[in-house]
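# fold the following for me, if possible:
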Amino acid sequence: MEYSEVIENWKHFAERIKLLGGSVQAFAIEEPATQDEVADLEKQLGLDLPTSLKEVLLEFSKKVEFRWFMADDFELGSPFSQIFSGDRHWSLEWLVQFNNAKDNWKNEVFPNKDDSYDVIWHNKLAFHEVGNGDYLAIDLSEPDKEPIVYLSHDDGEGHGVELARNFKDFLFLTSRLGCVGGEDWQWLPFIENGRQYLNPDCQNAANFREALGLDA
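Got it, this is the predicted structure:
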C-alpha cells in the first residue's frame with residue numbers, strides 16, 4: 001500500500017459517514033517532518049524513534065488529524081454496536097505530551113515490572129491518546145521489533161493486545177477500517193479469534209464496510 005491509498009481510504013470513509021448523517025470533525029494532513037525536527041523530537045523523548053514511526057514522519061506527515069463520529073440515530077448491528085467514531089491523530093508535539101502523560105500513569109499506578117499487568121505499561125512509546133486514560137503505543141521491549149500495543153488503565157479487554165507489526169503497518173491496516181476509534185471495544189471485532197494484529201480482510205471487516213455502504 002502507498003500513502004496515497006491511505007488518504008483515499010480516509011476520504012471514502014469520511015464521505016460515507018457524512019452521507020449517513022455523521023460528522024467529520026477533523027481531516028488534516030501536514031507536510032512531512034524534517035530530519036532536524038525528528039532529531040529534536042528524539043532529544044526531547046530521550047530515545048531514538050522506532051524505524052517505522054520515523055519513516056512515516058519523514059515520508060508522510062508530521063501531524064495528522066482524522067476524526068469522525070457516527071450519527072446518533074445510526075445503529076450498527078452486532079458485533080459493531082459499540083463503534084461510534086474513527087480517530088487517527090499524531091504530531092511531534094503530541095508525542096512528547098502523550099509520553100509524559102503515559103509515564104505519569106506508569107510511575108504512579110503501574111510501577112511494578114514484576115506484575116504481569118503493570119509491565120505492559122513499561123518500555124512503550126505512546127503515540128495515540130484514546131481520551132479515556134488508555135493509549136496506543138509502540139513496544140520498545142525487544143530490539144528490531146516495534147509492535148503496536150494497547151495500554152488500558154482499567155482492565156480493558158484489549159490491554160497488551162498487539163494491533164500491528166509496526167507503526168507503518170498500523171497506519172495501512174487501520175486506513176481500511178476507517179481508523180475506528182481508539183477504545184479497544186471499537187477495534188477488537190477486527191482481531192480474529194485472539195490472533196495477532198488487526199485484519200482488514202476478515203469477515204467482520206467486510207461486513208463493517210458493507211454496513212457503511214463501502215466496497216469490500
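# tell me the contacts of H153?
By C-beta atoms under 8 Å, 6 or more residues apart in numbering, H153 lies in contact with W105, V109, N132, G133, D134. No exception for glycine: its C-beta is placed from N, CA and C like everyone else's.
# cool, L47 as well?
Here L47 is in contact with L125, L140 (criterion: C-beta under 8 Å, 6+ apart).
# quick one, what contacts the closest residue to T51 other than its chain neighbours?
Sequence neighbours aside, E146 is the residue nearest to T51 in space, at 6.8 Å (criterion: C-beta to C-beta, 6 or more residues apart in numbering). E146 is in contact with P50, T51, S52, L53, I138, D139, L140, R165, N166, F167, counting by C-beta under 8 Å, 6+ apart.
# and E210, helix, strand or coil?
helix (DSSP: H, G, I helix; E, B strand; the rest coil).
# mind checking pLDDT for it?
At E210, the pLDDT value in this model is 95.
# from E183, how far out is it?
As judged by C-beta to C-beta, to the nearest Å, E210 and E183 stand 23 Å apart.
# more crowded one of those two?
Each of E210 and E183 has its neighbours counted (other C-beta atoms under 10 Å); E183 has more, 21 against 11.
# tell me the contacts of that one?
Counting by C-beta under 8 Å, 6+ apart, the residues that E183 touches are Q82, V130, N132, D134.
# from the residues you listed, pick the one nearest F74.
Using C-beta to C-beta, Q82 comes nearest to F74 of the contacts of E183, at 13.3 Å.
# distance of the closest one relative to D36?
42 Å.
# for the two, work out which one has more neighbours and name it.
Q82 (15 against 8).
# give me every residue that touches that one.
Taking C-beta under 8 Å, 6+ apart, one finds E183, W185, Q186 in contact with Q82.
# now do 7 Å
Residues in contact with Q82, defined by C-beta atoms under 7 Å, 6 or more residues apart in numbering, are W185, Q186.
# could I get the contacts of H153 as CSV with pLDDT, neighbour count and distance to R195?
Output for the contacts of H153, formatted as CSV (pLDDT from 0 to 100; neighbours: other C-beta atoms under 10 Å; distance: C-beta to C-beta, whole Å):
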residue, pLDDT, neighbour count, distance to R195
W105, 96, 17, 28
V109, 97, 13, 29
N132, 91, 13, 25
G133, 92, 15, 27
D134, 97, 23, 21
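# which two among those residues are spaced furthest apart?
V109 and N132 (14.2 Å).
# name the surrounding residues that touch the helix or strand E93 falls within.
Using DSSP states H and E, E93 sits within helix 92-108. Helix 92-108 is contacted by residues 33, 37, 41, 44-45, 62, 121-122, 124-127, 129, 135, 137, 151, 153 when judged by C-beta under 7 Å, 6+ apart.
# now, those residues that are in strands?
Using DSSP state E, K124, L125, A126, F127, E129, Y135, A137, L151 are the members of the contacts of helix 92-108 that sit in strands.
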